[in-house]
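Undergrad: model this:
(2 chains)
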Number of protein chains: 2
Amino acid sequence: MTVLAPEQTSRPKPRPFLAAAKQFTDGTSTPRDFLEACLVEFANREKEVGAFVRFDIEGARAAADTSTARWKAGKPASAIDGMPMGIKDIIETVDMPTEMGSPLFAGWRSEKDAACVSALRQAGAVILGKTVTTEFAATEPRGTRNPYNLEHTPGGSSSGSAAAVGCGMVSGALGTQVIGSVIRPASYCGTYGFKPSVNALNREGCHDYQSQSCTGIIAATLEDTWQVAHEIVSRVGGDAGTPGLIGSDTCPAPAKPKRLVFLETAGWPNAEPAAKKLMQDALNTLKSAGIAIATRHDDAKIAAVESNIVDAHPLSNKINSFEGRWFLRGARDRDAEKLSKIMQTRLAEAETITLADHRAALIERARIRALYAELAGTCDGCITLAATGGAPKGLQSTGNAQFAVPSSLLGVPALTLPLFDIDGMPLGLQVLGFFNEDAKAFAISGWLCDQLMSL
Amino acid sequence: MTVLAPEQTSRPKPRPFLAAAKQFTDGTSTPRDFLEACLVEFANREKEVGAFVRFDIEGARAAADTSTARWKAGKPASAIDGMPMGIKDIIETVDMPTEMGSPLFAGWRSEKDAACVSALRQAGAVILGKTVTTEFAATEPRGTRNPYNLEHTPGGSSSGSAAAVGCGMVSGALGTQVIGSVIRPASYCGTYGFKPSVNALNREGCHDYQSQSCTGIIAATLEDTWQVAHEIVSRVGGDAGTPGLIGSDTCPAPAKPKRLVFLETAGWPNAEPAAKKLMQDALNTLKSAGIAIATRHDDAKIAAVESNIVDAHPLSNKINSFEGRWFLRGARDRDAEKLSKIMQTRLAEAETITLADHRAALIERARIRALYAELAGTCDGCITLAATGGAPKGLQSTGNAQFAVPSSLLGVPALTLPLFDIDGMPLGLQVLGFFNEDAKAFAISGWLCDQLMSL
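TA: Sure thing, here's the model as predicted:
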């Protein structure tokens, strides 16, 4: 079933960085060597995948060379010094435009780096370019294809970030998520994806304006994912006024959970049979390993959470619509022709929401968050699918976000782990943690990967 | 002592809008007439005062004409339809550059309106131009003079907003405050100034990046001040995820307080004798009117607050420095020559702060906020001076912020009321309220104005 691009001789493969960087220390490889391997993949695949809005190969080479010099001097700026990365084009960069997937911002320059980009540069990351985002990080796609099958969507809104990491054109990338924009594309493109606790990574300079928006990380390994997040938070913190991502300097060690909750979410009834079977097999494997698996059918608290998060998508949309409508109004007033039809419809719906409605929605969200928080005392985390199946065929839709949206509404950390495959298309197992306990979600994820990777 | 500009024939006077707008209904005046009166003052004073970075007189006239048409049709967009306003140049406007008081952003365009500006336009406000801000809304002044005496500072960082409102070139203006940037210049320029509860007015598109930053209102009357804030929040809410400014559609009615706390803050020991006398006289008047005045000397809880807010400035600086340093780093890296010496020093200090230090500072701030919140059960609000005296002579410093900074640290609403005068220079009485009880602070302020205006 899988349609490989003409140049493609093998299954796409993400490109782990930290493991490779060990060779920078003993001099058997360099950041420049590592970048060149990425650039080979870029040369082979970018034309067809379309992951980047803009790129700067010579700039990246220069950055890789200075990184190489730092490693040779025994003074890397951080563990991710030299890591080739892509930046979702909703996030500001001083050296490239930030176009937000909209013709209204064609060529627009922020004249500054977003906080997270500033941190990555300080940490020595090599920024190859800006990755494709759907229009204003919402739903209108901008042509990126799934590197695992060019006829399929890469997901969205962090389409280019997931596609670029998925086939190893870069090792990591920044995305953003307010509904399912990190977890879904990462699942579709066979990468790790991390949506942190809300506010845990500084969002200044990221052009999404909603209270449940998060800057997230897409990378080739769990260790790389954590490290990128850590290097950001240690330099620029979380959103102003918050403690930021809490955890160790390197990826938390794998830890076996005692009890996990299997969440169905609104996605389960719509999941493909093959996806459901993979999930059931995984649950059985975990049970065999001695982990208690609790569900809505045997725990009233879980049932309460399930019956409330089933509407996570419409409630999120309501909150997001009010919080972002001033921006959409401005876009429409500049040139309505340059705003997609779906955005115009969304704006019209948003205009009907009053401040009182919005306050009520925030209270409702807080109520549901409190319900979910009660689970923390009873289990180590929650697991479910990251998507209803592999990336669907077609580029018009970025896919179903029902599995991804609960963590956005809840403001809790979520990870997608590239453990499943359906007919050659990747699918993630999703881990949901508890607010500001992102490190624990990583520890569980590490153990799950070790246990399930061979499935 | 007062040096009047050659064109100036009388003491500067702010220009109330809502009172004048009553004449729009019966047709005896129009928004265009009102604007033209502002423009006379602008023509007379702007050259010397230097309140504006940029202005668009014909654009304002066109906006006033469409406002006039709405009033004539009996369909004003809001109570402030036609209100001439200035926008601090740290806040984005789609039709004018946002230069942030820095040569690094000369001519820079956001290509969008900030949320608050979007709301004001929707409400029909007539935006005359962008008002002078100190460099990045911090301390380096940019030449604005005090309309009450051109040799004196207008205060900062909302220098141009306060100066423009102070002499009636516009009726109202937006400012921002993270230390004392609304309360201090409003006090110095004889206007009302309102720094809301933290997060109560949507800050998206305002280029300050700190957790205690607020968008504030400077206007000619208490009623105008509330109305502008209300028209913003009803259209774009507070910061995403927060309830936004809570209160009625029009300015809360004056309400006599039963018990007020007089706060000394770190400012009292440095206040001018004349300022202290004015404050003491006011306290005596209030006592005569039957209001209980409590101080640190007769209440342990007040004493605890005082001994903690005495360091409000250094603690605020510590928090702000960490939260804003990524931005200053970027500015320095673009062109250090274009960053003021004081900003370079500030950045160097900020670089020494670790994430752990920052988290500790946030916990310390939360502790002090909780101490202050305990006062809510014991009094109706707090009062103190808005500044140590009238605007000091000289344009190199924007003055002492010791009285203004506590409300910033505490995240509580603060108002400055233009009730005092020392040798022709205005000085405000400051009212501090409690978090999200901005409406009550206005009600008390209304009563205080009625009682003390004749002093």
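Undergrad: any chance you could read off phi and psi for A:Lys440?
TA: Main-chain torsions, A:Lys440, degrees, to the nearest 10: phi -70, psi -40.
Undergrad: got it, and the one 3 residues further on?
TA: A:Ala443 adopts backbone torsions of phi -60, psi -40, taken as degrees, to the nearest 10.
Undergrad: so it makes contact with A:Pro252?
TA: Yes - using CB atoms under 8 Å, A:Ala443 makes contact with A:Pro252 at a distance of 4.2 Å. Using the backbone N, CA and C atoms, a C-beta is placed for each residue, glycine as well.
Undergrad: now for the two: what residues contact both?
TA: Common contacts of A:Ala443 and A:Pro252, defined by CB atoms under 8 Å, 6 or more residues apart in numbering or on different chains, are absent altogether.
Undergrad: in terms of neighbours, single out the busier of those two.
TA: A:Ala443 (24 against 19; other CB atoms under 10 Å in any protein chain shown).
Undergrad: so how far is chain B from the more buried one?
TA: 21 Å (CB to the nearest CB, to the nearest Å).
Undergrad: go on, A:Cys116?
TA: Noted for A:Cys116: a distance of 9 Å to chain B, by CB to the nearest CB.
Undergrad: what's the end-to-end length of stretch A:65-85?
TA: End-to-end distance of stretch A:65-85 (CA to CA, to the nearest Å): 15 Å.
Undergrad: can you list contacts of that stretch?
TA: A:17-18, A:21, A:24-25, A:27, A:30-32, A:34-35, A:38, A:60, A:64, A:120, A:122-128, A:169-174, A:224, A:227-228, A:231, A:250.
Undergrad: what subset of those is also close to chain B?
TA: Contacts with chain B within those, as defined by CB under 8 Å from any CB of the partner chain: A:Gln122.
Undergrad: any of the contacts of stretch A:65-85 buried? List them.
TA: A:17-18, A:21, A:24, A:30-32, A:34-35, A:38, A:60, A:64, A:120, A:122-128, A:169-174, A:224, A:227-228, A:231 (16 or more other CB atoms under 10 Å in any protein chain shown).
Undergrad: among the residues you listed, which ones are in strands?
TA: A:126-128, A:172-174 (DSSP state E).
Undergrad: need the max-distance pair from the residues you listed.
TA: Using CB to CB, the pair of these lying farthest apart is A:Val126 and A:Leu174, separated by 13.5 Å.
Undergrad: which residues of the stretch 101-250 of chain A score low on pLDDT?
TA: For the stretch 101-250 of chain A, no stretch is flagged by pLDDT under 70.
Undergrad: interface residues of it facing chain B?
TA: Near chain B, when you scan the stretch 101-250 of chain A using CB under 8 Å from any CB, you find A:104-105, A:108, A:111-113, A:115, A:118-119, A:122, A:202, A:204, A:209-213, A:233-237, A:239-244.
Undergrad: packing partners for the strand or helix carrying A:Ser161?
TA: Element membership for A:Ser161, per DSSP states H and E: helix A:159-166. For helix A:159-166, the packing partners by 3 or more CB pairs under 8 Å, 6 or more residues apart in numbering or on different chains; DSSP states H and E come out as strand A:52-55, strand A:84-88, strand A:126-131, strand A:172-177, helix A:183-188, strand A:214-219.
Undergrad: deepest of these, which one?
TA: When those are scored by mean count of other CB atoms under 10 Å in any protein chain shown, the highest mean neighbour count falls to helix A:183-188 (a mean of 36).
Undergrad: list the buried ones in the helix or strand just after that one?
TA: Per DSSP H and E, the first helix or strand lying C-terminal to helix A:183-188 is strand A:192-195. Neighbour-count burial for strand A:192-195 flags A:192-195 (criterion: 16+ other CB under 10 Å).
Undergrad: now flag whichever of those residues is closest to chain B.
TA: For these, the closest approach to chain B (CB to the nearest CB) belongs to A:Lys195, at 16.2 Å.
Undergrad: bridging residues for that closest one?
TA: In this entry, A:Lys195 is beta-bridged to A:Ala414, by DSSP bridges.
Undergrad: and it, what does it touch?
TA: With contact set as CB under 8 Å, 6+ apart, A:Lys195 has these partners: A:177, A:182-183, A:214, A:216, A:407-408, A:413-415.
Undergrad: can you rerun that using 6 Å?
TA: Neighbour list for A:Lys195: A:177, A:182-183, A:214, A:216, A:407, A:414 [criterion: CB atoms under 6 Å, 6 or more residues apart in numbering or on different chains].
Undergrad: out of those residues, which comes closest to A:Ile302?
TA: In terms of CB to CB, no member of those lies closer to A:Ile302 than A:Ser407, at 15.7 Å.
Undergrad: and the helix or strand that contains the closest one with chain B, contact?
TA: For A:Ser407, the host element (DSSP H and E) is helix A:405-410. No - Helix A:405-410 is not in contact with chain B by CB under 6 Å from any CB of the partner chain; minimum separation 12.0 Å.
Undergrad: and stretch A:331-339, by the same measure?
TA: No - against chain B, stretch A:331-339 shows no contacts by CB under 6 Å from any CB, the least distance being 6.8 Å.
Undergrad: number of residues surrounding A:Asp357?
TA: A:Asp357: 13 surrounding residues under other CB under 10 Å.
Undergrad: hmm, back to that, dump the contacts of A:Lys195 into CSV; add distance to B:Pro84 as well.
TA: Compiled in CSV, the contacts of A:Lys195 are given as follows (distance: CB to CB, whole Å):
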residue, distance to B:Pro84
A:Gln177, 42
A:Val182, 45
A:Ile183, 48
A:Cys214, 40
A:Gly216, 44
A:Ser407, 47
A:Ala414, 49
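Undergrad: could you dump the helix of greatest length in chain A to PDB, C-alpha only?
TA: Secondary structure of chain A read by DSSP state H shows that its longest helix is helix A:312-335. What follows is helix A:312-335, C-alpha atoms only, in PDB (Å, rounded to 0.1, in the frame of the first residue of the first chain):
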ATOM      1  CA  ALA A 312     -13.300  18.200  25.000                       C
ATOM      2  CA  HIS A 313     -13.200  19.300  21.300                       C
ATOM      3  CA  PRO A 314     -16.300  21.500  21.300                       C
ATOM      4  CA  LEU A 315     -15.400  23.000  24.700                       C
ATOM      5  CA  SER A 316     -11.900  23.700  23.500                       C
ATOM      6  CA  ASN A 317     -13.200  25.300  20.300                       C
ATOM      7  CA  LYS A 318     -15.400  27.500  22.300                       C
ATOM      8  CA  ILE A 319     -12.600  28.800  24.500                       C
ATOM      9  CA  ASN A 320     -10.100  29.100  21.700                       C
ATOM     10  CA  SER A 321     -12.600  30.900  19.500                       C
ATOM     11  CA  PHE A 322     -13.200  33.700  22.000                       C
ATOM     12  CA  GLU A 323      -9.500  34.000  22.900                       C
ATOM     13  CA  GLY A 324      -8.300  34.200  19.300                       C
ATOM     14  CA  ARG A 325     -11.100  36.100  17.600                       C
ATOM     15  CA  TRP A 326      -9.500  39.600  18.000                       C
ATOM     16  CA  PHE A 327      -6.700  38.300  15.900                       C
ATOM     17  CA  LEU A 328      -9.000  36.800  13.200                       C
ATOM     18  CA  ARG A 329     -11.000  40.000  13.100                       C
ATOM     19  CA  GLY A 330      -7.900  41.900  12.300                       C
ATOM     20  CA  ALA A 331      -6.900  39.400   9.600                       C
ATOM     21  CA  ARG A 332     -10.300  39.700   8.100                       C
ATOM     22  CA  ASP A 333     -10.300  43.400   8.200                       C
ATOM     23  CA  ARG A 334      -7.000  43.600   6.400                       C
ATOM     24  CA  ASP A 335      -8.000  41.400   3.500                       C
END
